[in-house]
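quick one, structure for this:
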Amino acid sequence: ESGPPRPLNARFQVRNGSLEAVSEDVFARSPAALLELFALLQQNPEVRGVRAATMRAVARNLWLIDEEFRQNPRHHRLFLEILRSPVGVTHELRRMNTYGVLGRYIPAFGRVVGRMQYDLFHAYTVDAHTLFVVSNLRRFATPRYVQEHPDASRVMQSLPRSEVAYLAALFHDLAKGRGGDHSELGAVDAEAFCLEQGLSPYDARLVAWLVRNHLELSLTSQKQDIHDPQVINAFARKVGDETHLDYLYVLTCADVRGTNPKLWNSWKATLFSDFYQRVKRALRRGLESPIDPEHLVRETQDGARRLAVEHGIAEEDIAAVWLRFTPGYFLQHSPEEVAWHTRLLAEREAGADEPLIALDPHSVRGTTAALIFARPRRHGFARTTAALDELGLNIVDARITPTGDGFTLDLYHLLEDDGAPISDRDRLAEIEQALWRSLRGAADAPLAVSRRAPRQARMFNTPTQITVAVDERNRRSVLELTAGDRPGLLCEVGQVLMQEKIELHAAKIMTVGERAEDVFYLTDFDNRPLSAAAAAHLKGRLVQALDARQAALRAPLAGTP
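Predicted coordinates for the structure are as follows:
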């Protein structure tokens, strides 16, 4: 029933569309064939797979991949050939993992095969996640997938050596479970492996740097103020040049996309891209001439003015609206956001005291933006977040901007639970009505979110951790909070801040599986950073309030078998 084989070389042939070894002892006679097999599959895309007898022969001969095998320059060339192939990189790395070859050739990889990560952040085992990251990089490198992530695709397709990114992806999490900092340990392994494979010292150091710093762009953009020139300039100094930034950007996007499908959304794509562009501009200016705030303010104002004029807003009306705001407002918002706010405020009647609520379904940040322009109100942040939380919305960013004439402009960036912006008209109307109700409710009405926490989140006990630092340059305190993620968390924080007479200026909200890792920018009511005593007192109050709520949520589980 089987047709005559078609020879590929002295070791392999194709029979009925599948690759097979010419004899049972091919791997014993030529151990390099254990890698050559995968390179041949890339070079012959019409070959559908590997015959069962050959798969069994690979399994029997895995023991041949020992230290001597790993030191052989011919094997190094074959492995790099697989990584540099224009096609089939992900397929063959996955096949190498399935057959046990990858874990033998890279022992650090072998140690994580099947290793689970016990949180709600990582949906996959370490080896599966690692290969998803490589797969994402490959998609960025392939023109037909450019619409999935245009910015990362453009950068990836301009990289001089894509195998550097793939090697960084292979090693970025391989030191997990070994104790110590997995990024640091993985970087040491990665540099040694790359030098062994014959990469240049520069490329080996670049791979190691990427492994060591693979979390930096993600954490900085999600936890720090990416509009702050100091943050931009510090990150530019950290990466040093555009090459390091380009590789780090594509690795970050691929890593977050490959961690958990629910974690990747238009907000994160826009956030990473925005920060990448800001750092790139800083690098092009030169590290010796860092970006100054006045330059960024002028840039935002010029762009916003142009957009507002295009929408028919007169120059004098634009100037009148902008008198309400300090320069800090223009640092915090994009030209598109400033133009939108300007249009809304310019169209209000002069001297109007009524609140204003507006929604932008598809904001420039990849979210639905909700704007509230109103007089400051008691528990305003807590009430607004409770109303939005009750609707099952994710709040990913909040900014509270006081104006010079006694109002506040509050901007909330929202996503549905699946990570998408809100486009359904009825849903948008529901959000607007909920915001109006929260504005018009009695100031002393009880605050609560009745939406239940998911059972899997209630099963994790995440103790509340808080740090408070002073940002001297911006004259504010920065509170970092880690706590169990649950409905009503932001409302609880907002209530404590109000009770302690603390002013909230902005919040960056990051959910990492079962944990919330949020950052709040605060001052006292005199617009000064918190004193050491006030910060310590606030920390104690928040820990007490949030841990008590977490314990109450977990109580029904206590009797569960």
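
now do the helix or strand containing residue 96: everything it contacts.
According to DSSP states H and E, residue 96 maps onto helix 89-99. With contact meaning Cβ atoms under 8 Å, 6 or more residues apart in numbering, helix 89-99 is reached by 38-39, 41-42, 50, 55, 58-59, 82-83, 85, 102-103, 105, 109, 113, 127, 131, 134-135, 138, 166, 170. Backbone N, C-alpha and C define where each C-beta goes, glycine included.

same check on stretch 297-313?
Contacts to stretch 297-313, defined as Cβ under 8 Å, 6+ apart, come from residues 315, 318, 322, 327, 330-331, 333-336, 338-339, 342-343, 346.

ok, now with 6 Å
With contact meaning Cβ atoms under 6 Å, 6 or more residues apart in numbering, stretch 297-313 is reached by 318, 327, 330, 335, 338-339, 342-343, 346.

for PyMOL, what selects the buried ones among these?
A single PyMOL command selects the buried members of the contacts of stretch 297-313 (16 or more other Cβ atoms under 10 Å):
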select buried, resi 318+330+335+338+339+342+343+346
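
show me the two of the contacts of stretch 297-313 that sit farthest apart.
The distance between the two most remote of the contacts of stretch 297-313 (Cβ to Cβ) is 20.5 Å, for 327 and 343.

returning to what we had before: derive a PyMOL selection command for the buried subset of the contacts of helix 89-99.
What follows is the PyMOL syntax selecting those of the contacts of helix 89-99 that are buried according to 16+ other Cβ under 10 Å:
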select buried, resi 38+39+41+42+50+55+58+82+83+85+102+103+105+109+127+131+134+135+138+166+170
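
the contacts of helix 89-99 in helices, which ones?
In helices, defined here by DSSP state H, the members of those are 38-39, 41-42, 55, 58-59, 82-83, 102-103, 105, 109, 127, 131, 134-135, 138, 166, 170.

please enumerate the strands of the chain.
For the chain, applying DSSP state E gives strands covering 6-7, 12-15, 18-21, 49-50, 356-360, 368-374, 394-402, 408-415, 465-471, 476-484, 502-508, 511-512, 515-524.

could I get those as CSV with mean pLDDT and distance to residue 437?
Shown next, in CSV, are the strands of the chain (pLDDT from 0 to 100; distance: least, Cβ to Cβ, whole Å):
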stretch, mean pLDDT, distance to residue 437
strand 6-7, 94, 73
strand 12-15, 95, 69
strand 18-21, 95, 65
strand 49-50, 94, 60
strand 356-360, 96, 11
strand 368-374, 96, 12
strand 394-402, 91, 17
strand 408-415, 94, 15
strand 465-471, 94, 31
strand 476-484, 92, 27
strand 502-508, 91, 21
strand 511-512, 74, 26
strand 515-524, 90, 25
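
mind putting those into TSV with distance to residue 297?
Output for the strands of the chain, formatted as TSV (distance: least, Cβ to Cβ, whole Å):
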stretch	distance to residue 297
strand 6-7	68
strand 12-15	65
strand 18-21	62
strand 49-50	60
strand 356-360	22
strand 368-374	21
strand 394-402	14
strand 408-415	17
strand 465-471	18
strand 476-484	18
strand 502-508	17
strand 511-512	32
strand 515-524	18
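
compare those strands and give me the one nearest residue 290.
Going by Cβ to Cβ, the one of the strands of the chain nearest residue 290 is strand 465-471, 17.3 Å.

quick one: buried residues of stretch 133-145?
Residues of stretch 133-145 classed as buried: 133-141 (neighbour count, 16+ other Cβ under 10 Å).

stretch 279-287 now?
279-280, 282-283.

give me the number of residues near residue 260?
For residue 260, the count of nearby residues is 18 (other Cβ atoms under 10 Å).

could you number the chain from 7 rather than 1 from now on?
That works, and once the first residue is 7, the last one we named lands at residue 266.

for residue 260, see how far away it is.
Distance, residue 266 to residue 260, using Cβ to Cβ, to the nearest Å: 13 Å.

so what secondary structure elements neighbour the longest helix anywhere in the chain?
The residue-count maximum for a helix in the chain (DSSP H) belongs to helix 538-560. In terms of contacts (3 or more Cβ pairs under 6 Å, 6 or more residues apart in numbering; DSSP states H and E), helix 538-560 is packed against strand 471-477, helix 495-505.

could you identify which of those is most buried?
For those, average neighbour numbers computed from mean count of other Cβ atoms under 10 Å are highest in helix 495-505, which has a mean of 21.

any idea how far that helix is from the chain center?
The chain centroid and the centroid of helix 495-505 are separated by 26 Å, computed with Cα atoms, centre = their mean, to the nearest Å.

one step back: quick one: the longest helix of the chain to strand 508-514, angle?
60 degrees (axes from the mean of the first three to the mean of the last three Cα atoms, to 10 degrees).

neighbouring contacts of helix 538-560?
Contact with helix 538-560 is made by 459, 464, 470, 472, 474, 489-490, 498, 502, 506, as judged by Cβ under 6 Å, 6+ apart.

quick one, phi psi at residue 356?
phi -60, psi 130 (degrees, to the nearest 10).

list the buried residues for stretch 369-382?
Under 16+ other Cβ under 10 Å, the buried positions of stretch 369-382 are 369-380.

what's the closest of those to residue 28?
Of all the buried residues of stretch 369-382, residue 28 sits closest to residue 372, with 53.9 Å by Cβ to Cβ.

distance of that closest one from residue 162?
Going from residue 372 to residue 162 by Cβ to Cβ gives 20 Å.

what does residue 539 give?
50 Å.

neighbour count: these two, which is higher?
Neighbour count, other Cβ under 10 Å: between residue 539 and residue 162, residue 162 has more, with 26 against 8.

chain center to stretch 63-81, what's the gap?
Distance of stretch 63-81 from its chain centroid, counting by Cα atoms, centre = their mean, is 37 Å.

so what touches stretch 238-251?
With Cβ under 6 Å, 6+ apart, stretch 238-251 has contacts from 226, 284-285, 288-289, 293, 296-297.

let's see that with 10 Å instead.
Contact with stretch 238-251 is made by 161, 165-166, 170, 208, 212, 215-216, 219, 222-223, 226-227, 230-232, 234, 252-255, 281-282, 284-293, 296-298, 302, as judged by Cβ atoms under 10 Å, 6 or more residues apart in numbering.

residue 338 reaches residue 347, doesn't it?
No. The criterion here is Cβ atoms under 10 Å, and residue 338 misses it with residue 347 at 11.2 Å.

hey, what's in contact with both of these two?
In contact with both residue 338 and residue 347: 331, 407, 417, using Cβ under 10 Å, 6+ apart.

report the beta-bridge partners for the last one.
Put plainly, it is residue 417. residue 377, residue 405 (DSSP bridges).

domain parsing for the chain?
The record's domain parsing of the chain by automatic domain parsing lists 7-111, 113-287, 298-356, 359-446, 458-567.

weakest of the ones you listed by average pLDDT?
Ranked by mean pLDDT, those bottom out at domain 458-567, with a mean of 83.

residue 492 contacts residue 499, doesn't it?
No. At 11.8 Å, residue 492 does not count as touching residue 499 under the criterion of Cβ under 10 Å.

okay, and the common contacts of the two?
Common contacts of residue 492 and residue 499 (Cβ under 10 Å, 6+ apart): 522, 552.

residue 410: neighbouring residues, count only.
With other Cβ under 10 Å as criterion, residue 410 counts 9.

same thing with the one 5 residues further on?
Residues lying near residue 415 (other Cβ under 10 Å) number 21.

the stretch 157-306 of the chain: helices as residue ranges?
168-177, 188-203, 207-218, 222-229, 235-245, 248-263, 272-291, 299-316 (DSSP state H, counting those that start in this stretch).

and the longest one, how far from the chain's centre?
Translated: helix 272-291. On Cα atoms, centre = their mean, the centre of helix 272-291 falls 13 Å from that of its chain.
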